[in-house]
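*Asks:* just coords:
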């Protein structure tokens, strides 16, 4: 091959390379837009979950208070309003302790649902931050090989983040369950 042919072939290859790199940048920009949309959707979902958790906690407390009131009225009717015997007083005290335990348990569960929402929100905020960093990393790629390497690293990092988030949520759930069980146990006389 002559020198002119080599130069012509090299020139054609160099002309095609920016087109490929431009294609990589277009793909990175599309990926960045997708990430931004996903992040926005995730933030909205977390806000919805947080609001629902707060409402659920309030609903649980109102339901429990109403149930306690109705049960105490029924219990009082069953014993008779004028009865003041030791058995009646013991039964009322025992019932009161049990209902107090139920209220404490429900409060622990309501607080726990808010804590899970907080963990989820923190996790989402971390993911948003990582996604923005990853978009910048993708924008910095100049070759298809660089883009591929960064993309595979991002996928690995995302999987690791999901596993860490699941571990935090699991630990939080166990903590909440233990606290609820401890609060549900009635205190001794």
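*Replies:* Perfect, thanks for sending it. Owing to the predicted nature of the structure, the values given are computational and were not obtained by experimental measurement. Numbers count the residues shown, from 1 in each chain.
*Asks:* thought residue 157 was touching residue 127?
*Replies:* No - Residue 157 is beyond contact range of residue 127, at 10.3 Å (criterion: Cβ atoms under 8 Å). Quick note: C-beta positions are derived from backbone N, CA and C, even for glycine.
*Asks:* how about the helices of this structure, start to end?
*Replies:* Secondary structure of the chain (DSSP state H): helices at 3-79, 86-139, 144-184.
*Asks:* what's the least confident stretch among those?
*Replies:* Mean pLDDT values for these show the minimum at helix 3-79, a mean of 63.
*Asks:* Tally up the residues packed near residue 97, please.
*Replies:* Using other Cβ atoms under 10 Å, residue 97 is surrounded by 14 other residues.
*Asks:* Equivalent analysis for residue 141, please.
*Replies:* Residue 141, neighbours per other Cβ under 10 Å, totals 19.
*Asks:* my read: it touches residue 150, true?
*Replies:* Yes - counting by Cβ under 8 Å, residue 141 touches residue 150, with 5.7 Å between them.
*Asks:* how far away is residue 116 from residue 108?
*Replies:* According to Cβ to Cβ, to the nearest Å, residue 116 stands 12 Å off from residue 108.
*Asks:* which neighbours do those two share?
*Replies:* Contact criterion Cβ atoms under 8 Å, 6 or more residues apart in numbering; residues shared by residue 116 and residue 108: residue 176.
*Asks:* measure residue 113 to residue 89 for me?
*Replies:* Residue 113 sits 37 Å away from residue 89, going by Cβ to Cβ.
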